[in-house]
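# Sequence and predicted structure are below.
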Amino acid sequence: MCRLATLDDLDTLCELDEVVFGGPEHSHVDRTGRRQFRYQLTKAHAEVYLAELDGDVVGFATVLMREGSTVLRGYSIAIASNARNMGLATEFFAWAERRWIELGFDRASFEVHANNPGAQRLYSRMGYVITEQMPDYFDPEDDGVRMVKRLVSG
Ligand SMILES: CC(C)(COP(=O)(O)OP(=O)(O)OC[C@H]1O[C@@H](n2cnc3c(N)ncnc32)[C@H](O)[C@@H]1OP(=O)(O)O)[C@@H](O)C(=O)NCCC(=O)NCCS
């Protein structure tokens, strides 16, 4: 099940952020951190979502919604390791994209580490295509690719 996060979920979000992105296999830029979560939940043009399994929060995603823009920008997505490969991220996209369309967005754009084939497969399966290669985007020698999907035809 997917739902919008609120400020009450701040502790849970921070814990999950640390568990998923705190390890050495992830870059320091992947972590959102408490301040940023709080800002996204309260002040920013952003939405934070939670994925739940049997009543437990097992994943989150954050997107940025710049005022006046019809392009939604992905910020972070994470599913706890013990809940992966069960289709939760796929389910999240199916749920969230309907919401983004209702909110008036016609494209969604995610920046992905070039060395994260799992995430790229997910986006690609959901219909996102690589539109840009971004050398040194995340850090020196940590390249990115931009993956974009047109949410509505026309
Ligand atoms: C990338 C990430 C969000 C994907 O989440 P997920 O919930 O595991 O994704 P899904 O389960 O929808 O899909 C993952 C795989 O499981 C498979 N799958 C989906 N449902 C399945 C099911 N019921 N049974 C078996 N496999 C299934 C999918 O086909 C997919 O296979 P593939 O990787 O070979 O293409 C997750 O791996 C993650 O949090 N990674 C660490 C953080 C990260 O890298 N985030 C991206 C930053 S840009």
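Right, received. Where do you want to start? Numbers count the residues shown, from 1 in each chain.

# which helices and strands sit right next to the strand ranked longest in the chain?
In the chain, assigned by DSSP state E, the strand with the most residues is strand 129-139. Helices and strands touching strand 129-139, by 3 or more Cβ pairs under 8 Å, 6 or more residues apart in numbering; DSSP states H and E, are strand 107-113, strand 142-150. Placement of C-beta: from N, CA and C, glycine included.

# ok, and which of these has the densest surroundings?
Comparing the helices and strands packed on strand 129-139 by mean neighbour count (mean count of other Cβ atoms under 10 Å), strand 107-113 ranks first with a mean of 20.

# is any part of it close to the ligand?
Yes. Applying Cβ under 6 Å from any ligand atom, one finds strand 107-113 touching the ligand at V112.

# which other residues reach that strand?
The contact list for strand 107-113, computed with Cβ atoms under 8 Å, 6 or more residues apart in numbering, reads 27, 63, 70-74, 77, 97, 100, 119-120, 123, 128, 131, 134, 137-138, 142-151.

# Which elements pack onto the longest helix seen in the chain?
Taking DSSP state H as the criterion, the chain has its longest helix at helix 88-102. Here helix 88-102 touches strand 2-4, strand 46-53, strand 56-64, strand 71-79, helix 117-125, going by 3+ Cβ pairs under 8 Å, 6+ apart.

# Wait, a strand at M86?
No. Counting by DSSP: H, G, I helix; E, B strand; the rest coil, M86 is not found in a strand; it is coil.

# do you know how far it is from the ligand?
Applying Cβ to the nearest ligand atom, to the nearest Å, the value for M86 to the ligand is 5 Å.

# which non-adjacent residue is nearest that residue?
L53 (7.6 Å; Cβ to Cβ, 6 or more residues apart in numbering).

# got the contact list for that neighbour?
So L53 contacts M1, A83, M86, L88 (Cβ under 8 Å, 6+ apart).

# Apply 10 Å and report the result again.
The contact partners of L53, by Cβ atoms under 10 Å, 6 or more residues apart in numbering, come to M1, G59, I79, A80, N82, A83, M86, L88.

# Wait, T12 touches L50, no?
Yes. Between T12 and L50 there is a contact under Cβ atoms under 10 Å: 7.6 Å.
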